[in-house]
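**Student:** The following block contains a protein sequence and its predicted model.
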Amino acid sequence: MLVFLLVAAAVAFTVYARRREHLRIPWQQVARSRLAMASAVVLVAFVVVGLLDSIHFHQRLPSSKGKRTRYATEVVSAFDWLAGPLRTQVEKTYSAPFSAHLYAMESMDSPTGPIRAYPRLVFGGAHLKDPANERAGDIAANSAVAAAEALGAWIIVVLLLTSLLAGRDRVGLAATLRSLPHRPTPWPTILGTIGVLLVIGFACARLGVRYHILGTDKVGQDVFYQALKSIRTGLIIGTLTTMVMLPLAIMLGIMAGYFRGWVDDLIQYIYTTLSSIPGVLLIAAAILMLQVYMANHADRFESLSVRADMRLLFLCIILGITNWTSLCRLLRGEALKLRELEYVQAAQALGVRNFTIITRHLLPNSLHIVLITVVLDFSKLVLAEAVLSYINIGVDPATVSWGNMINSARLELAREPIVWWSLVAAFIFMFALVLSANLFADAVRDAFDPRLRGRS
């Protein structure tokens with residue numbers, strides 16, 4: 001519910017910003033940045049996967065005619081349903097990326113007696129008779145087919161976009177297509193990024209059902225599937241924490257700067273005291289309290305997924321409580337400056353209520369600080385989940401996350417031979433998300449910062 005509430009809030013803010021020139025112009029500047037738009041396309045792809053993984057349901061079981069409909073006890077998501085083979089094709093134990101054999105040797109029977117060899121996988125490369133000679137050609141052939149499919153999908157996307165722009169501008173389709181490279185919005189960059197993502201997506205879709213692209217873990221689960229499932233956890237940590245942080249920071253920061261006096265002293269005392277407490281210790285204490293509560297009230301949690309989501313939500317709340325102080329300080333300083341401006345003093349002299357002054361004057365003129373802080377803190381919060389899970393005070397072990405993947409890889413790197421692909425998979429996906437968020441955040445900062453905007 002909170003995830004889709006956040007989506008609704010983002011849509012509402014988009015509608016609000018389109019009607020406000022002081023917000024619309026900076027966002028138009030962001031839309032003219034090629035790097036920002038390429039990053040935005042990558043972020044949208046991550047968000048789509050995360051939203052699909054947030055739609056949960058119980059699958060209907062087959063039943064005889066006339067009997068009552070039954071549903072499975074396991075909770076699955078729309079992403080699980082779409083990526084069915086990745087979820088169900090479970091091997092015995094470790095296997096390397098694109099391998100057709102297990103990673104460890106086992107005792108096997110042969111016509112000449114017991115031998116030590118690498119057993120074949122049940123699903124990965126099972127369609128190959130001679131994996132050593134056929135695998136490279138099979139991967140190349142499937143990649144070529146995926147590239148052709150991606151090209152067809154990309155052409156459809158280009159035609160749909162061109163049709164929408166042509167209908168809005170009331171010009172011909174051919175003229176709109178020729179004008180795409182000359183528009184302020186870098187459509188060639190956007191379409192090029194979409195094309196790259198389509199090629200990667202179609203290739204992973206074709207190869208993922210035939211091989212384990214990023215190998216398997218200790219219990220034989222597909223690592224590529226785990227990395228995709230971790231997207232939802234990373235996005236929830238980065239976004240829901242912001243929902244907890246923003247109300248506290250905005251309300252207290254603006255109140256401290258506007259009212260001053262004892263209100264300012266009280267709020268400063270609160271966030272100074274909270275900042276003096278080590279954040280990791282506060283999070284660890286809160287998580288331990290939650291674990292004790294769930295252990296003593298196990299009947300209130302229907303399944304492991306409910307327990308995992310409760311811990312994830314609680315972690316977002318704790319991270320929000322420990323991270324609102326920096327934004328509160330910034331907003332306090334901005335409110336101290338704004339309250340001395342002529343239009344605010346004129347409103348006070350005319351008897352306008354304090355609440356109206358805050359909502360009509362101080363809050364809109366402080367919004368650029370809020371936006372810059374939110375987009376910059378997103379990457380920090382995604383990385384914080386990995387660090388907290390690494391020291392076992394993050395999300396529940398049953399929750400698939402990049403932090404848990406890195407935590408499990410710590411032991412895998414100590415074995416012989418080394419199992420490296422879980423760590424690499426988590427690094428690749430986390431790097432792509434954080435890099436895209438940072439590049440987009442830089443463009444938003446440049447557009448909304450008045451000093452940088454004037455320089456540009």
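**Tutor:** That came through fine.
**Student:** which strand of this protein spans the most residues?
**Tutor:** Identified as the longest strand of the chain according to DSSP state E is strand 70-77.
**Student:** in that one, what's buried?
**Tutor:** Neighbour counts over strand 70-77 (16 or more other Cβ atoms under 10 Å) mark Val75, Val76, Ser77 as buried. C-beta coordinates here come from the backbone N, C-alpha and C atoms, glycine included.
**Student:** Not counting it itself, show me its contacts.
**Tutor:** For strand 70-77, the surrounding residues in contact (Cβ atoms under 8 Å, 6 or more residues apart in numbering) are 52-61, 63, 303, 305.
**Student:** any idea which helix or strand comes after that strand?
**Tutor:** As assigned by DSSP states H and E, the chain's next helix or strand after strand 70-77 is helix 78-82.
**Student:** Just the buried residues of that next one, please?
**Tutor:** Phe79, Asp80.
**Student:** buried ones in whatever helix or strand comes next after it?
**Tutor:** Next along the chain after helix 78-82, taking DSSP H and E as the criterion, comes helix 84-88. The neighbour-count check on helix 84-88 (16+ other Cβ under 10 Å) flags Leu86, Arg87 as buried.
**Student:** And the helices in the stretch 301-450 of the chain, which stretches?
**Tutor:** All helices of the stretch 301-450 of the chain, identified by DSSP state H, counting those that start in this stretch, fall at 304-323, 325-338, 342-349, 354-357, 363-365, 367-390, 402-412, 421-448, 450-455.
**Student:** quick check: angle from the third one to helix 325-338?
**Tutor:** In this case it means helix 342-349. The directions of helix 342-349 and helix 325-338 differ by 80 degrees, with axes from the mean of the first three to the mean of the last three Cα atoms, to 10 degrees as the criterion.
**Student:** If you count residues, where's the longest helix of the chain?
**Tutor:** helix 131-169 (DSSP state H).
**Student:** For Pro111, find the nearest of the helices of the stretch 301-450 of the chain.
**Tutor:** Pro111 lies closest, by Cβ to Cβ, to one member of the helices of the stretch 301-450 of the chain: helix 421-448, at 33.9 Å.
**Student:** can you give me the angle the closest one makes with helix 367-390?
**Tutor:** Using the same axes, to 10 degrees, helix 421-448 lies at 170 degrees relative to helix 367-390.
**Student:** for helix 421-448, the distance to its chain's centre please.
**Tutor:** Taking Cα atoms, centre = their mean, to the nearest Å, one finds the center of helix 421-448 at 10 Å from the center of the full chain.
**Student:** what is the rounded mean pLDDT of the longest strand of the chain?
**Tutor:** For strand 70-77, the mean per-residue pLDDT is 80.
**Student:** So what are the sheet partners of that strand and their directions?
**Tutor:** strand 56-61 (antiparallel) (DSSP bridges).
**Student:** quick one: what helix or strand has Ile250 in it?
**Tutor:** Ile250 belongs to helix 223-259, assigned by DSSP H and E.
**Student:** before we move on, what SS does the residue of the chain most remote from its centre have?
**Tutor:** The C-alpha centroid of the chain is most remote from Thr112, which lies 53.4 Å away (Cα atoms, centre = their mean). Counting by DSSP: H, G, I helix; E, B strand; the rest coil, the backbone at Thr112 sits in coil.
**Student:** cool, and the one 10 residues further on?
**Tutor:** Secondary structure for Val122, judged by three-state DSSP, is coil.
**Student:** Retrieve the pLDDT associated with it.
**Tutor:** Val122 is assigned a predicted lDDT (pLDDT) of 87.
**Student:** Now for the closest residue to it other than its chain neighbours, how many residues are close by?
**Tutor:** Leaving aside its sequence neighbours, Val122 sits nearest to Glu91 (Cβ to Cβ, 6 or more residues apart in numbering; 5.9 Å). Residues near Glu91, counting by other Cβ atoms under 10 Å, number 22.
**Student:** Could you double-check that Glu91 sits in contact with Arg120?
**Tutor:** No. With contact defined as Cβ atoms under 8 Å, Glu91 and Arg120 do not form a contacting pair (10.1 Å).
**Student:** Now do the shared contacts for these two.
**Tutor:** Common contacts of Glu91 and Arg120 (Cβ under 8 Å, 6+ apart): Leu102.
**Student:** give the contact list for the residue nearest to Val122.
**Tutor:** Shown in contact with Glu91 (Cβ under 8 Å, 6+ apart): Leu102, Leu121, Val122, Phe123, Gly124, His212, Thr216, Gly220.
**Student:** before we move on, what about Leu252?
**Tutor:** By Cβ under 8 Å, 6+ apart, the contact list for Leu252 reads Ile267, Ile270, Tyr271, Trp324, Cys328.
**Student:** now for the residues you listed, which pair is the farthest apart?
**Tutor:** Top of the distance list for the contacts of Leu252 (Cβ to Cβ): Ile267 and Trp324, 11.3 Å.
**Student:** what's the pLDDT at the residue farthest from the centre of the chain?
**Tutor:** pLDDT, Thr112: 73.
**Student:** how about it, phi and psi?
**Tutor:** Reported as degrees, to the nearest 10, the phi and psi values for Thr112 are phi -100, psi 0.
**Student:** Ok, the one 3 residues further on next?
**Tutor:** Main-chain dihedrals, Ile115, degrees, to the nearest 10: phi -140, psi 170.
**Student:** what bridges to it?
**Tutor:** In this entry, Ile115 is beta-bridged to Met108, by DSSP bridges.
**Student:** ok so, going back, mark which of the contacts of strand 70-77 are buried, thanks.
**Tutor:** Counted by 16+ other Cβ under 10 Å, the contacts of strand 70-77 give Leu52, Asp53, Ser54, Ser305 as buried.
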